[in-house]
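A.B. asks: sequence unknown, structure follows:
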């Protein structure tokens, strides 16, 4: 064979190609129907680029064995796989170098047996004219076989007359809180979340304001029997049961907040109560450098939300943005920290849901606000992987708000840069552990 310059050049190109790691790769996986125990055939599978702002970069369908294959251009980038089964989405993070993915989906129905309310927490703060309420709901779906409850009224709530909704979120067990507005049902003060109740835990949070003259009576209304109805007020405010001395039981609380618990509350037989006084929760008062109440609204700190509703300031429905707080991501902070806000009133929920707590709250059972109680035993779920999965909802929400023109380009750039950095760190940790 005659050696020519052309042959040498082609050979060099071939050697270079063989010695250079290919960036293109494939993401493979299997989707299993957790309701039937069989492969989920014909489900849509969408590939989202987490480094590219949740842009869709691929799409396919599962075969008869529930298998799928997606090509990626950059094998070093993090991706998210979304499976759509009976109009409900399920997600799985695909960090670089991840093995074949296993994704579980469930059949959906408008009503399933085994959905119950574990806890309903009403958290109060007040000044002389306004009462701030953050209500937290913990819902468990233990249906057998497991199914997802999904309809236009997946979960219904009742709010007090005159309540002005400021913010609302929904959160699946492994996710991050995402914006989910309760929709009026046509009945006064009754709302519904259009959000799937997947098997396991689902949590909802609604923050709203009420006019206040220094005292108020409350008669909660429940849509589901609720194992624990919890009322939290600052130590400077007073609580009194309107349903007899034994309707509520005081629960020890390390910060000094007054926490009252009623067990086995049923629709139509909810215990009422009376609150009076003003104040903020101890930790928030310390952050303000004050020992008492502070203004609920702070001028420019309040924003107009969609539908003329006022959008509150701090995470978890706080009473307003701390003055001179140099936080460019403040408007997103309640989304990032929504899980921690839930822990404030629902730390016990995670323990109860694992069957590790007594049937009823008794003396000595304590919940520390902000305590890092994981929703799953550490031995069964990798924290880095869980955190990576959680970030996808926030990225998706951020991109949605940008496309809808709800945030400025500068706000988007700051939030996106912070999320990208967090994702990269989570991916690196997950890769090390893998």
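C.D. replies: That came through fine. Here the structure is a predicted model, which means the values were calculated and not measured. Numbers count the residues shown, from 1 in each chain.

A.B. asks: so which residues make contact with stretch 108-119?
C.D. replies: With contact meaning C-beta atoms under 8 Å, 6 or more residues apart in numbering, stretch 108-119 is reached by 85-88, 136-144, 147-151, 196-197, 222-230, 345-346, 348-349, 352-353. (Glycine included, C-beta is placed from N, CA and C.)

A.B. asks: start to end distance for it?
C.D. replies: 24 Å (C-alpha to C-alpha, to the nearest Å).

A.B. asks: any buried residues in the host helix or strand of residue 116, and which?
C.D. replies: Element membership of residue 116, judged by DSSP states H and E, is strand 115-126. By neighbour count on 16 or more other C-beta atoms under 10 Å, the buried set for strand 115-126 is 115, 117, 118, 119, 120, 121, 122, 123, 124, 125, 126.

A.B. asks: run a quick check on the fifth one versus residue 229, I expect a contact.
C.D. replies: Yes: Residue 120 sits in contact with residue 229 when judged by C-beta atoms under 8 Å, with a separation of 5.3 Å.

A.B. asks: that older thread, list only buried entries from the contacts of stretch 108-119.
C.D. replies: 85-86, 88, 136-141, 143, 147-150, 196-197, 222-224, 226-230, 345-346, 348-349, 352-353.

A.B. asks: can you show me the helices along the chain?
C.D. replies: All helices of the chain, identified by DSSP state H, fall at 5-19, 282-288, 330-336, 338-353, 383-403, 409-433.

A.B. asks: pick out the shakiest of those helices, pLDDT-wise.
C.D. replies: Comparing mean pLDDT over the helices of the chain, the weakest stretch is helix 330-336, at a mean of 33.

A.B. asks: how about low-confidence regions in the stretch 51-200 of the chain?
C.D. replies: 52, 174 (pLDDT under 70).

A.B. asks: change it to 80
C.D. replies: Scanning the stretch 51-200 of the chain for pLDDT under 80 picks out 51-54, 173-177.

A.B. asks: and if you look at the stretch 201-350 of the chain?
C.D. replies: 252-255, 283-350.

A.B. asks: try it again at 70.
C.D. replies: Looking at the stretch 201-350 of the chain by pLDDT under 70, you get 254, 283-350.

A.B. asks: related to what we said a few turns ago, show me the common contact partners of residue 120 and residue 229, please.
C.D. replies: 220, 222, 265.

A.B. asks: what residues are up against residue 233?
C.D. replies: Here residue 233 is in contact with 124, 239, 257, 258, 275, 279 (criterion: C-beta under 8 Å, 6+ apart).

A.B. asks: out of those residues, who has the most neighbours?
C.D. replies: residue 124 (25 neighbours; other C-beta atoms under 10 Å).

A.B. asks: could you give the bridge partners of the nearest residue to that residue once chain neighbours are set aside?
C.D. replies: Among residues not flanking residue 124 along the chain, residue 233 sits closest, at 4.8 Å (C-beta to C-beta, 6 or more residues apart in numbering). Beta-bridge pairing of residue 233 under DSSP bridges involves residue 258.

A.B. asks: state the distance from residue 233 to residue 272.
C.D. replies: Shown here: residue 233 relative to residue 272, a distance of 15 Å by C-beta to C-beta, to the nearest Å.

A.B. asks: tell me the domain ranges of the protein?
C.D. replies: 22-109, 115-353, 383-433 (automatic domain parsing).

A.B. asks: hang on, the earlier thing: nearest to residue 74, of the shared contacts of residue 120 and residue 229?
C.D. replies: The closest of those to residue 74 turns out to be residue 222 (C-beta to C-beta; 49.5 Å).
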